[in-house]
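# this is a predicted model, with the sequence first.
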Amino acid sequence: MYKRQPDTFHQVQWFFQQIPQKGLQIAGNKDAEDSLRYWPGLHNLALLELFGLVEVRHGPPEQGKGWCIETVERTPWGDALLAALHAGFFGDVDNLLALESEEKVPFGVLQQALQPYFPAWRKNLSVPEWTFRKGAHVFKVSLGRIWRRIAIPARLTLDDLASAILNAVRFDHDHLYLFSYRNRFGVEDQVHHPYSDEGPAGDEVEIGDVPLRVGQTMTFLFDFGDRWEFDVALEHVDPEMAIEKPVVLEKHGNPPKQYGW
């Protein structure tokens, strides 16, 4: 069963609670070093330091290693902000339950807790929702030097696109696959084979709902053993092309043998 990962807000909240007043020792503690990569993530830790919510004491650089961290310490500003959030937001059970039920924490959800301290805060950043994109989507699907140009209606799914790709290179369909691409925020999204234990599944995601820019490429990984990796570039969207199923528009090169014999 698919289990969504905690979002950044909850990762940071949890991380603050783990920092004792004397600071969190990182150097020499492999478990702590590994944990930072996920809770809250090194990029989030860098942002916390940038905005003064924590103080990071840096160790001497070591060849072959990345960011060398000795300790992470709380700051008065970080403590004050966390206290304000607890008093103004987390202390309200209804607000907390509403936040926990969100798939993603919306922009501006904490404004009510912080507005008394920042009276000039009047507006919030808003991100428009992705709108279903109608029309035939034309993809150039490349595997090494060979490629196929495939058109597919917006109302079909990524599972239909997977079948069209495999049919175009005369591959059997008897293995799992994975689509991966960068969403509008630069974060990698993954869509899995319907038989996978993870989600979302390819037969649940319609082509018109995939937030690719024209010219953007996603990866189609087929067969986790042999690892056939296809580049799938969205060339354009044609609202006038009337098709009801995937169509191979152009072929270049002969496909490889799937099993080498």
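All right, it came through fine.
# quick one: the helices in the protein?
Secondary structure of the chain (DSSP state H): helices at 8-18, 30-36, 42-50, 76-85, 93-101, 111-114, 158-168.
# the fourth one packs against which elements?
The reference is to helix 76-85. Secondary-structure packing of helix 76-85 (3 or more C-beta pairs under 8 Å, 6 or more residues apart in numbering; DSSP states H and E): helix 111-114. Heads up, the C-betas are built off the backbone N, CA and C, glycines and all.
# tell me how far the helix it packs on lies from the chain's centre.
Averaging C-alpha positions (C-alpha atoms, centre = their mean, to the nearest Å) puts helix 111-114 27 Å from its chain's average.
# pull out the buried residues from the longest strand that the chain contains.
With secondary structure taken from DSSP state E, the chain has its longest strand at strand 228-238. Within strand 228-238, the residues that qualify as buried are 228, 230, 232-234, 237, counting by 16 or more other C-beta atoms under 10 Å.
# check contacts around A162.
For A162, the contacting residues are 177, 179, 193, 202, 220, 222, by C-beta atoms under 8 Å, 6 or more residues apart in numbering.
# whoops, I mixed them up, G23
57, 71-74.
# which of those residues count as buried?
For the contacts of G23, burial is judged from neighbour counts taken by 16+ other C-beta under 10 Å, and it is met by 71-72, 74.
# tell me how many other residues surround D226.
11 (other C-beta atoms under 10 Å).
# go on, I207?
24.
# how does this structure divide into domains?
Per automatic domain parsing, the domain ranges recorded for the chain read 8-114, 136-252.
# and the ones you listed, which one is worst for confidence?
Of all these, the minimum mean pLDDT falls on domain 8-114 (a mean of 79).
# follow-up on the earlier one: and the longest strand of the chain, how far out from the chain middle?
The answer for strand 228-238 is 19 Å, by C-alpha atoms, centre = their mean.
# show me what that strand is packed up against.
strand 136-143, helix 158-168, strand 217-222.
# in a markdown table: these, plus distance to K257.
Converted to a markdown table, these look like this (distance: least, C-beta to C-beta, whole Å):
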| stretch | distance to K257 |
| --- | --- |
| strand 136-143 | 12 |
| helix 158-168 | 14 |
| strand 217-222 | 14 |
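# with respect to F16, which of these lies nearest?
Closest to F16 of these is strand 217-222 (C-beta to C-beta; 35.4 Å).
# which residues are contacting that closest one?
Contacts with strand 217-222, where a contact means C-beta under 8 Å, 6+ apart, come from 141, 161-162, 165-166, 171, 175-181, 210, 212, 227-234.
# sorry, back to before: ok, of the buried ones among the contacts of G23, which one's closest to A151?
Once C-beta to C-beta is applied, the member of those that ends up nearest A151 is V72, at 51.6 Å.
# I'd say that closest one and A27 touch.
No. In this structure V72 lies outside contact range of A27 using C-beta atoms under 8 Å: 10.6 Å.
# what's around L48, how many residues?
Neighbours of L48 under the rule other C-beta under 10 Å: 20.
# now it. Nearest residue, chain neighbours left out?
In this structure, L48 finds its nearest non-sequential neighbour in V54, 4.7 Å apart by C-beta to C-beta, 6 or more residues apart in numbering.
# that neighbour touches P76, doesn't it?
No. Using C-beta under 8 Å as the test, V54 is too far from P76 to be in contact (11.3 Å).
# more neighbours: these two, which one.
More crowded of V54 and P76, by other C-beta under 10 Å: V54, with 24 against 8.
# how close does that one sit to D159?
From V54 over to D159 the distance is 44 Å, taken as C-beta to C-beta, to the nearest Å.
# check P60 too.
Applying C-beta to C-beta to P60 and D159 gives a distance of 51 Å.
# so which of the two has more stuff around it?
It is D159, of P60 and D159, that has more neighbours when counted by other C-beta under 10 Å, with 19 against 6.
# contacts only, for that one.
So D159 contacts 193-194, 201-203 (C-beta under 8 Å, 6+ apart).
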